[in-house]
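# can't give you the sequence, but here's the structure:
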């Protein structure tokens, strides 16, 4: 190094992803829910198209399918867990009954969350007696439910069309993001332990006719929260997207420079090394660390399209787990679920 000239800081290199295994289940299957409970324990859930629900368990080295009892009979859309004795999965069926399935370490317990046509966007388990669920009803209104250990309660929230993502650091500090019920635009709600309040978002310069939304939120502490999403507008018959990245410092949101992609971003997760991973619409991932962005392709076999549905960090390590799908280019309507790892 030349005297008096500072050496440039090395560019942060993100973990390298690889596809580790596929389900190879008969039929068109999808696994899109993931919960990591320890260094050698994780759960993943989904279903076979017009078939049974699927549940897999990771033991630190491999994924194994778990046999489910007959009463766990709904396609599984979302899941979360605080430990291997507090695992929650959710899903609806053709009779329009939406249920929760709770594993307490010994048996699966079932409860009815809602009757009607609903879809689950996200869930956050804080304890066995405090679980949050974000639903989208057929009316188009976003709704939050809370399990208090005895029953599911409907929670009062500021008007929102959909709340796509939630993240809690404690029972008294949580966030939910999505889109407004009227007028379009992103929305970020904060839970203070007793009520949900809307927070002001920074003004973003967008082309005329644009709409925006926030698709994912990650709360690391009460003063360190990230939210991401996108805004979009029509150019002739094509829809253009640009990413939105926001940071909450404990008092206000500030917009950060996002990755150089013309796409939506979603699925925030820590990377275990002081950075963040997120999905880029299509077959890419973006990593943000030390103020730098790196965009990478999701690995897969030649002649196939691959996608990531969910990812999470293994606590206390720099290992990432992911679940997604693999489709042959020649058979785009048929897919296998896939498991991914990054280190």
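Now that the structure is in, tell me what you want to look at. Quick caveat: nothing in here was measured; it's all calculated off a predicted structure.
# going forward, measure contacts between C-alpha atoms and count neighbours the same way
OK.
# Let me see the contact set for residue 294.
For residue 294, the contacting residues are 13, 14, 259, 286, 287, 288, by Cα atoms under 8 Å, 6 or more residues apart in numbering.
# let me redo that: residue 283
Here residue 283 is in contact with 297, 298, 305, 306, 307, 308 (Cα under 8 Å, 6+ apart).
# Just the buried subset of these, written out for PyMOL, thanks.
Typed into PyMOL, the next command selects the buried ones out of the contacts of residue 283 (criterion: 16 or more other Cα atoms under 10 Å):
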select buried, resi 298+305+306+307+308
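# Closest to residue 41 out of the contacts of residue 283?
Set against residue 41, the nearest of those by Cα to Cα is residue 308 (19.8 Å).
# ok, what's across the strand from the closest one?
Legend: beta-bridge partners of residue 308 under DSSP bridges are residue 324.
# Would you mind giving the contacts of residue 294 as a markdown table with distance to residue 244, pLDDT and secondary structure added?
Output for these, formatted as a markdown table (distance: Cα to Cα, whole Å; pLDDT from 0 to 100; DSSP: H, G, I helix; E, B strand; the rest coil):
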| residue | distance to residue 244 | pLDDT | secondary structure |
| --- | --- | --- | --- |
| 13 | 23 | 77 | coil |
| 14 | 21 | 88 | coil |
| 259 | 9 | 97 | coil |
| 286 | 13 | 98 | strand |
| 287 | 14 | 98 | strand |
| 288 | 13 | 97 | strand |
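# where along the stretch 1-150 of the chain do the helices fall?
Ranges of helices in the stretch 1-150 of the chain, per DSSP state H, counting those that start in this stretch: none exist.
# where along it do the strands fall?
For the stretch 1-150 of the chain, applying DSSP state E, counting those that start in this stretch gives strands covering 17-22, 29-38, 41-48, 53-58, 63-65, 78-83, 86-92, 97-103, 108-115, 118-127, 130-137, 142-147.
# Can you say which of those strands is nearest to residue 207?
Using Cα to Cα, these put strand 142-147 closest to residue 207, at 26.5 Å.
# what sits up against that closest one?
Contacts of strand 142-147 (Cα under 8 Å, 6+ apart): 129-137, 152-157, 159-163, 181.
# Just give the closest residue to residue 135, not the sequence neighbours.
Spatial nearest neighbour of residue 135, chain neighbours left out: residue 120 (4.5 Å); criterion: Cα to Cα, 6 or more residues apart in numbering.
# and the one you found, what does it touch?
77, 78, 90, 91, 133, 134, 135, 136.
# Quick check: of the residues you listed, which has the highest neighbour count?
In terms of neighbours by other Cα atoms under 10 Å, the contacts of residue 120 top out with residue 90 at 29 neighbours.
# My read is that that one contacts residue 98, right?
Yes: counting by Cα atoms under 8 Å, residue 90 does reach residue 98; the two are 7.4 Å apart.
# So which of the contacts of residue 120 sits lowest on pLDDT?
Ranked by pLDDT, the contacts of residue 120 bottom out at residue 136, which scores 87.
# May I have the beta-bridge partners of that residue?
Going by DSSP bridges, residue 136 forms beta bridges with residue 119, residue 142.
# how much space between it and residue 276?
27 Å (Cα to Cα, to the nearest Å).
# any chance you could map the strands in the stretch 201-343 of the chain?
Under DSSP E, counting those that start in this stretch, the stretch 201-343 of the chain gives strands at 211-221, 224-235, 238-248, 253-256, 265-270, 276-280, 284-289, 292-297, 304-313, 320-328, 335-342.
# want to throw those into JSON lines with distance to residue 23?
Compiled in JSON lines, these are given as follows (distance: least, Cα to Cα, whole Å):
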{"stretch": "strand 211-221", "distance to residue 23": "27"}
{"stretch": "strand 224-235", "distance to residue 23": "30"}
{"stretch": "strand 238-248", "distance to residue 23": "32"}
{"stretch": "strand 253-256", "distance to residue 23": "38"}
{"stretch": "strand 265-270", "distance to residue 23": "22"}
{"stretch": "strand 276-280", "distance to residue 23": "22"}
{"stretch": "strand 284-289", "distance to residue 23": "21"}
{"stretch": "strand 292-297", "distance to residue 23": "21"}
{"stretch": "strand 304-313", "distance to residue 23": "14"}
{"stretch": "strand 320-328", "distance to residue 23": "9"}
{"stretch": "strand 335-342", "distance to residue 23": "6"}
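# about what we covered before: and residue 241, which of the strands of the stretch 1-150 of the chain is closest to it?
Residue 241 sits nearest to strand 118-127 of all those, at 21.4 Å, using Cα to Cα.
# Strand 97-103 and the closest one, what's the angle between them?
Computed by axes from the mean of the first three to the mean of the last three Cα atoms, to 10 degrees, the angle separating strand 118-127 from strand 97-103 equals 30 degrees.
# re the thing from before, which among the contacts of residue 120 gets closest to residue 188?
Among these, and counting by Cα to Cα, the member closest to residue 188 is residue 134, at 13.6 Å.
# wait, isn't that closest one in contact with residue 118?
No: with contact defined as Cα under 8 Å, residue 134 does not reach residue 118; the gap is 10.0 Å.
# Now a PyMOL select for only the buried ones of the contacts of residue 294.
Those of the contacts of residue 294 that count as buried under 16+ other Cα under 10 Å are selected in PyMOL with:
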select buried, resi 14+259+286+287+288
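# Moving C-terminal from the helix or strand of the chain with the lowest mean pLDDT, which element do we reach first?
Lowest on mean pLDDT, DSSP states H and E among the helices and strands of the chain sits strand 142-147, with a mean of 90. Proceeding N to C from strand 142-147, the next assigned helix or strand is strand 152-155, under DSSP states H and E.
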